[in-house]
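>>> based on what follows, work out the 3D shape:
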Amino acid sequence: MKLVSIEEFLEQRGDKRNYGTIDVYKTAASTMNYLIFCAENKKRITYKVLMASAGVPEEYLTYHQLGRVSNRILDSIYNYCNAFNLPQLVVLCVGAVSGLPSEEGVSDLIAEYKATHPAMNTASFKDIVAQISREAEAYSWATVKKVNGLPAIPKNANISLYSNVSRKVVEEIEDEVRENTRTELRKSFASHGFREMKNTGRIMAILMLAFGGAIAIDTVYNGKVMEFSIAWLLWIPMCLLTWNAANIIEMLKVDFFDRSKLHKDA
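Below you'll find the model as predicted:
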C-alpha cells in the first residue's frame, strides 16, 4: 500500500473530520509531528502537553475533556501507523503520574503486539511499551515527514517545548492527584460516611424533638404560652437542619473541593 499523508488516509477511511471545533485531520498531523520528534530525540510527552502543542484549544484540555480528545487524535495516528506498517508512535504519549501510556488506550496495540511477537506474551505492560518505544526511536521517519509535509520543529522551539514540560507535568500531576482524591473521597463518603451521617443526624433530630417536646409541655403547663411560641420557632428549624445535616455537608464538601481546586490553580 502506497504511503499517503495522514490527512488523506483519514479522508479515505471516511473518519469524521471535526470533533467540536477541532479539525481532527490537521490536529492528527500536527500531533504526529511532535510524536516523531519525541521518537527521534528519545523523549516522552504527556497527553496535555502534546495536545496543547498540537493546537488543541484550551477548553478541550480540562481533566474530563482531555481523555476524549486525546483518544480521538491518537486513535487516528494508531490506525495510520497500522495501515502502513510503521512503528507505533502512540506509546510515546504518557500519563503525567505513571510515565506510561494509558493501558486502556493502548490495549488493542498491546494485544496485537503479543499476537505477532509470541516471545512477549509473558512480558509486563511496561516492558512491551519499552520495546515498542525502542522500535519507534530506531525507525527513520524522514519519508513519513516528507509525505505528510510536516514542518521541522525549530531548535529553539524544541528547547522551549521541553523546558516547559517539567512545569506542565507538575501541574498535571497536581491536577490528577486532586481529581483522584476528590473521586475517592466521594466514593468513600457515598458508600459509608453519607449513610452513617444521615442516620446519626436523624437520631439526633428525633432526640432534639423529644427534648423540645418535653420542654414545651412543661412551658405550657406553667402558663408561659409566649415563651412556648418563641422557643418552637427556633427549635423546629434546628431539628430540620439536624435531620438534613448529611445532605448539607455533602453539598458543602463538593463545593469545598471544587473551590480548593480553583484556588490552587490560581
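>>> check which helix or strand covers the spatially closest residue to Ala28 that is not a sequence neighbour.
Of all residues not flanking Ala28 in the chain, Ser76 sits nearest, at 4.2 Å (C-beta to C-beta, 6 or more residues apart in numbering). Placement of C-beta: from N, CA and C, glycine included. Remark: Ser76 resides in helix 63-83, with elements defined by DSSP states H and E.
>>> buried sites along that helix?
In terms of neighbour count (16 or more other C-beta atoms under 10 Å), helix 63-83 has its buried residues at 66, 69-70, 72-81.
>>> and which of those is nearest to Lys146?
Tyr80 (15.2 Å; C-beta to C-beta).
>>> against Thr122, how distant is that closest one?
In this view, Tyr80 and Thr122 are 30 Å apart by C-beta to C-beta, to the nearest Å.
>>> now do Val69
Applying C-beta to C-beta to Val69 and Thr122 gives a distance of 34 Å.
>>> what's in contact with stretch 104-124?
Applying C-beta atoms under 8 Å, 6 or more residues apart in numbering, the external contacts of stretch 104-124 come out as 70-71, 74, 78, 82, 88, 90-91, 103, 125, 127-129, 131-132.
>>> and with 6 Å instead?
Contacts of stretch 104-124 with the rest of the structure, by C-beta atoms under 6 Å, 6 or more residues apart in numbering, involve 88, 128.
>>> count of neighbours near Asn33?
Summarising burial for Asn33: neighbours were counted as other C-beta atoms under 10 Å, giving 22.
>>> flag every buried residue along the helix or strand containing it.
Asn33 is part of helix 24-41, with elements assigned from DSSP H and E. Within helix 24-41, the residues that qualify as buried by neighbour count (16+ other C-beta under 10 Å) are 24-25, 27-40.
>>> by how many degrees do it and helix 63-83 diverge?
Using axes from the mean of the first three to the mean of the last three C-alpha atoms, to 10 degrees, one finds that helix 24-41 and helix 63-83 are set 80 degrees apart in direction.
>>> so after helix 24-41, what's the next helix or strand?
Counting by DSSP H and E, the element after helix 24-41 in chain order, helix or strand, is strand 45-46.
>>> tell me the strands beside that following strand, with direction?
Strand pairing for strand 45-46, using DSSP bridges, gives strand 93-94 (parallel).
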